[in-house]
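Undergrad: fold the following and give me the result.
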Amino acid sequence: CLATLIIMLVGDTYTLINYVSFINYLCYGVTIMGLIVLRWRKPKIFRPIKVNLLIPLTYLAFWAFLLIFSLYSEPVVCGIGLIIILTGVPVFFLGVYWRNKPKCVNRLTESLTVWGQKLCFVVFPQCGGAEEE
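TA: Numbering: from 1, shown residues only. Now for the predicted structure:
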């Protein structure tokens, strides 16, 4: 979010759309790859919708072509898009991977979460309490 705000201040909207488009297509392809990996590693798990593997494999072929063409035609935009994605790595390590955090970090994370939920109106209902009575 911070990177997006900085880009919006120095760049134009068209450039931001290019960055986000590359990021979206990259994430779509990784998601489809995850679907295929799960089909091979865990074939017995419940799937509400089961698709023939030819469909995701065909999608991945077109996806790879478009991604390689994007990298060839606009390497700077794709590189900046990758940098935007990589800004999430420290957040992952601080928020998810680091298990034994000091209490002050946990309190800060919880307060930022509550603030974000209130700001975006996405507060989950609490189990028990006055709402159920």
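
Undergrad: quick check on Pro75: phi, psi?
TA: Per-residue torsions, Pro75: phi -70, psi -30 (degrees, to the nearest 10).

Undergrad: tally of neighbours for it?
TA: If you count neighbours by other C-beta atoms under 10 Å, Pro75 ends up with 10. C-betas here are computed from N, CA, C, even on glycine.

Undergrad: next one: the one 5 residues further on
TA: Applying the criterion other C-beta under 10 Å, we find 20 residues in the vicinity of Ile80.

Undergrad: same deal with Leu66?
TA: 13.

Undergrad: what does the one 4 residues further on give?
TA: When neighbours are defined as other C-beta under 10 Å, Ser70 has 18 of them.

Undergrad: begin at 7 from now on, thanks
TA: Okay, using 7 as the starting number, the last item reads as Ser76.

Undergrad: that one is in contact with Cys84, isn't it?
TA: Yes. In this structure, Ser76 is within contact of Cys84 by C-beta atoms under 8 Å, at 5.7 Å.

Undergrad: and stretch 88-103, what's buried?
TA: Residues of stretch 88-103 classed as buried: Ile90 (neighbour count, 16 or more other C-beta atoms under 10 Å).

Undergrad: any idea how far the most centrally placed residue in the chain is from Gly40?
TA: Centroid-nearest residue in the chain, with C-alpha atoms, centre = their mean: Cys33, separated by 7.0 Å. Separation of Cys33 from Gly40 (C-beta to C-beta, to the nearest Å) stands at 10 Å.
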